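Novice: Predicted coordinates and the sequence they were generated for:
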Amino acid sequence: MLKSLVLKLIKSRGEDKMIQNKIVCGCFNVTEQDIKNAINNGPKSFEEVQATTKVGTGCGGCVVSNKELVSELLLRKKIDENQIVCGCYKVTAQDIVKAIKNGAKSFEEVQVVTKVGTGCGGCVEGNKALVSLLLRE
Ligand code: FES
Ligand code: FES
């Protein structure tokens, strides 16, 4: 029993490593881990990630998929670091997570609970993406 759990863990770690080492831009041999490392060093947009990794600056064929990857990783960073995602009401990423755990099923339902995006409106698009990511999980 314990042996099978340990084997499962080793296998899943191996798979994680394979995913992280997956090349996401063939022109410059950029891996998913390179993108993660770049994001951990501060970039807040795809263009800033491009500046440090060169991802998508060759043939351009990987731009769409890597834009999606970067935006998902940026959202996950907001959750992991519990960043403030709505300055008007000081709503944090974990407030959004909590609202969804407590049953909110749409951005509008999250708004009712947290007030996110009901001030200046400048955070609405980013938080719609965050809510949609969390609802998919
Ligand atoms: S595969 Fe990424 S720029 Fe060509
Ligand atoms: S920053 Fe969220 S409504 Fe203004």
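Specialist: Here it is on my side, so go on. Ligands and ions are numbered 1, 2, ... in the order given.
Novice: make it CA atoms for all contacts and neighbour counts henceforth
Specialist: Fine.
Novice: What count of nearby residues applies to Cys120?
Specialist: By other CA atoms under 10 Å, the residues close to Cys120 number 11.
Novice: With the one 4 residues further on instead?
Specialist: Applying the criterion other CA under 10 Å, we find 18 residues in the vicinity of Val124.
Novice: nearest spatial neighbour of it, skipping sequence neighbours?
Specialist: In this structure, Val124 finds its nearest non-sequential neighbour in Gly117, 5.0 Å apart by CA to CA, 6 or more residues apart in numbering.
Novice: Work out for me the element Cys27 sits within.
Specialist: Here Cys27, judged by DSSP states H and E, is contained in no helix and no strand.
Novice: give me every residue that touches it.
Specialist: 56, 58-59 (CA atoms under 8 Å, 6 or more residues apart in numbering).
Novice: 10 Å - rerun?
Specialist: By CA atoms under 10 Å, 6 or more residues apart in numbering, the contact list for Cys27 reads 54-62.
Novice: Among the residues you listed, give me the pair with the biggest separation.
Specialist: Lys54 and Gly61 (13.0 Å; CA to CA).
Novice: any common contacting residues for these two?
Specialist: By CA under 10 Å, 6+ apart, Lys54 and Gly61 have these common neighbours: 25, 27.
Novice: how is this structure carved up into domains?
Specialist: Using automatic domain parsing, the domain ranges for the chain come out as 20-80, 84-136.
Novice: Relative to ligand 2, how far out is Ala99?
Specialist: Distance from Ala99 to ligand 2, counting by CA to the nearest ligand atom, to the nearest Å: 16 Å.
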